[in-house]
Structure formats: structure tokens, C-alpha cells
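K.L.:
take a look and give me a structure for this.
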Amino acid sequence: MLRHIVMWNFKEGLSPEEKIEAGKKLKTMLEDLVNTIPELDKMVFFTDVVKASDREAILDSSFKDEEALKAYMVHPEHQKVVEYAKTVLQDRLVMDFFE
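P.N.:
Prediction:
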């Protein structure tokens, strides 16, 4: 199994309320992809992180293999989420690894 972990901060200038709303919208959009993209095995999105954390949002997802991750990355429904995420998130960090 391939794990795909992505972390971000919200864009500077967003109010706490805007961050909460953006987080809720992203959680719904991302987690709904499990029902849309067959290559995606699992996806969980969190914004309720401990204040000492270096990032404000984290995505934890899993795939069968690298080919499945590649198919997910270019899938049109994922790309819609990416376009929205670019408007509210910054400082992206990614780690992919096999379990």
C-alpha cells in the first residue's frame, strides 16, 4: 500500500472563521473523492491539529501502488479540488511511502 500524506497552512490573511469554512469545504470535497476515483482506497482530511504543529491541515490517503496515485493526481475531480485548494492553502509539503 502506498500512503500519500500532504500538509499545508492556510493562506495568510484568512480569518479564523474563513479557515474553518475552507477546512470544512475541503474535507467534504476531498473525502468525497473516495466515491468518485476508483484508484483511491482511503482519504481523511484534518484541520483540527494541535497548535504546536507546523502545518494547519493534513491529508492522509492510500493507494494500491504508484500507478494508482498517478491516476488520482490527474483525475478531473481531483483537479477541481486542487484549483479550490490553491485559493485557500499554501506551504504544501508531501511525503509518499510504502507501508
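
K.L.:
how far away is Phe63 from Met73?
P.N.:
To Met73, Phe63 is 10 Å away according to CB to CB, to the nearest Å. Placement of C-beta: from N, CA and C, glycine included.

K.L.:
higher neighbour count, those two?
P.N.:
Phe63 (22 against 12; other CB atoms under 10 Å).

K.L.:
quick one: contacts for the residue positioned nearest the centre of the chain?
P.N.:
In the chain, the residue lying closest to the centroid (CA atoms, centre = their mean) is Leu59, at 4.0 Å. By CB atoms under 8 Å, 6 or more residues apart in numbering, the residues touching Leu59 are His4, Ile5, Val6, Met7, Leu30, Met43, Val44, Phe45, Phe46.

K.L.:
again, 10 Å this time
P.N.:
By CB atoms under 10 Å, 6 or more residues apart in numbering, the contact list for Leu59 reads 4-8, 26-27, 30-31, 43-46, 81, 85, 92, 94.
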